[in-house]
Each structure stands twice: as C-alpha cells, then as structure tokens.
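**Q** Predicted coordinates and the sequence they were generated for:
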Amino acid sequence: MIHFENVGLRYGMGPEILKDLTFDIPKKSFQFLTGPSGAGKTTLLRLLFMSLKPTRGLISVFGREMSTIPRTELPMLRRRVGIVFQDFRLLDHLTTYENVALPLRVRGKEESTYRSDVLELLKWVGLGDRINVLPPVLSGGEKQRVAIARALIDQPELLLADEPTGNVDPPMAKRILKLFMELNRFGTAVVIATHDLTLMDQVQARRMILTSGRLDLYE
Ligand SMILES: Nc1ncnc2c1ncn2[C@@H]1O[C@H](COP(=O)(O)OP(=O)(O)OP(=O)(O)O)[C@@H](O)[C@H]1O
C-alpha cells in the first residue's frame, strides 16, 4: 500500500533527518514506530500522510508515486488516511461530537447514518458524557481521545497515530490499543508512533525502530 525507496529528508539546509529509508507498509498490517526523542518519528508520519515531500528517494502511496500527484489531488488521497496528531488539532468551535463526525460530514454522509456510531465510539473512549463540550474545556487526555475517535470513525485504509496514549492512564491506553487492533481486524493498516514499551509489549507486531535517521525493522 505504501512503499519507500531510499528516502531521505532534510528540513531546509539542515542535516538529513531521515536517511535511506526503504520499507513497505502492507495493506492490513499493524506496526509500531519507535526510537529516541528527535529520531524522526513525527517526520516519518508526515511523509506517510503526504504533508511533507522527501528530499530524495521515491515514495508511492496507494499505488501513486508521490512526486507525480498534483497538489489538488492530495486532499482526496488524505481522506483515505486517519491521523492522530501529537497536538490533536481539534476544531475549537465544534463540539466533541461534531469534531468526531467531521470526516463523515466532509464526505457528504447524512447525519442519520452515522449519529449512533459516533455516540458509540465516544462512549467507548470514555467520553459519553462530554459529547456537547467544546475542546478548550477538555483535559489533554480527553482531547487525545477525541482526536483518536475522529481518526477512526470513517474506517480509513491507513491509520497513523503519533503518541496516541501519551496523555492517558494505563487502563485507557490498553483500551485505545484494543480499539486500534479492532480497526486493524476490519482491514485498516495501522502505524503507531510511541515510546511506550508497555504498550508495545501487549501486541505481537512489527516494530520499526528509528535511530539517528536510520530505520531497522523487526518482524
Ligand atoms: N519543521 C521543522 N524544521 C526544522 N527541523 C525540524 C522540523 N520538524 C522537526 N525538525 C527536527 O527534525 C528532527 C526529528 O524531529 P521529529 O519531531 O520527527 O522527531 P520525533 O522522533 O518525532 O521526536 P519526539 O519523540 O520527541 O516527538 C529533530 O531534530 C527536530 O528538531
């Protein structure tokens, strides 16, 4: 589904942050992306989300070579990807419910077809009593769970999550992991960037380890 071939990335004239990355993200696969702080995990997720272009090498996403994709087509391709940003990126003027429903609204779906799914997912992540609240009054962990629910609601082909359990307690982290695994069981490829060893030890999954910009894969 995604293929990287000798990919390198530098920001501006700075040093190369990612070096010679060659790997695949197969359809329906599940993997953790880990490595020390500053190793380039978020940068790699941004490449996977097509919000950054590599400075060298080739990336193909959903069978398309990234350098040939017109800018106008990127939003359509990105709709096939669910992403949980480290800083959540919720819309502050929309309620919790409306934030989670947004990807479905953007697709032109009727509210009656998804309302119960959104409510059920919000309940699952422990936010059943926060549906009409605006993000500014939510705690960090609550915001994180809204961002996760929004990324999952439309069953994307690929889910990218940047430290998705960084702000929640261990039982909730376990619950969120279960949600990702369930989504994966239904066919979504999942990439979770994390430092959380306890989380990674709960699943037998591929580990992609970034160290000083180089990637090692442990199947
Ligand atoms: N927009 C940017 N401009 C210049 N340098 C950047 C930019 N974004 C990230 N970097 C640099 O790239 C390197 C990798 O950063 P990145 O955020 O990808 O690492 P990370 O592995 O996700 O770190 P963490 O685990 O702390 O979130 C760091 O040295 C960072 O300072």
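**A** Sure thing, it's come through.

**Q** When you work out contacts or count neighbours from here on, use the C-alpha atoms and nothing else.
**A** OK.

**Q** what does the model give the residue most central in space within the chain for pLDDT?
**A** The residue lying closest to the centre of the chain (Cα atoms, centre = their mean) is Leu160, at 1.9 Å. Here the pLDDT value assigned to Leu160 is 97.

**Q** Let me know the helix or strand that it is in.
**A** If you go by DSSP states H and E, Leu160 is part of strand 158-162.

**Q** That strand: how far from the chain's middle?
**A** 2 Å (Cα atoms, centre = their mean, to the nearest Å).

**Q** swap in stretch 145-155?
**A** 9 Å.

**Q** which residues are contacting it?
**A** Stretch 145-155 is contacted by residues 82-85, 88-90, 96, 99-104, 117-118, 121-122, 125, 127, 159, 164, 183, 188 when judged by Cα atoms under 8 Å, 6 or more residues apart in numbering.

**Q** So which of the residues you listed sit within strands?
**A** Among the contacts of stretch 145-155, DSSP state E puts 82-84, 159 in strands.

**Q** how about a markdown table for those residues, with distance to Gly63 and neighbour count added?
**A** Below are the ones in strands among the contacts of stretch 145-155 laid out as a markdown table (distance: Cα to Cα, whole Å; neighbours: other Cα atoms under 10 Å):
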| residue | distance to Gly63 | neighbour count |
| --- | --- | --- |
| Gly82 | 18 | 26 |
| Ile83 | 20 | 26 |
| Val84 | 23 | 23 |
| Leu159 | 17 | 24 |
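
**Q** Right, I'll call it a day here.
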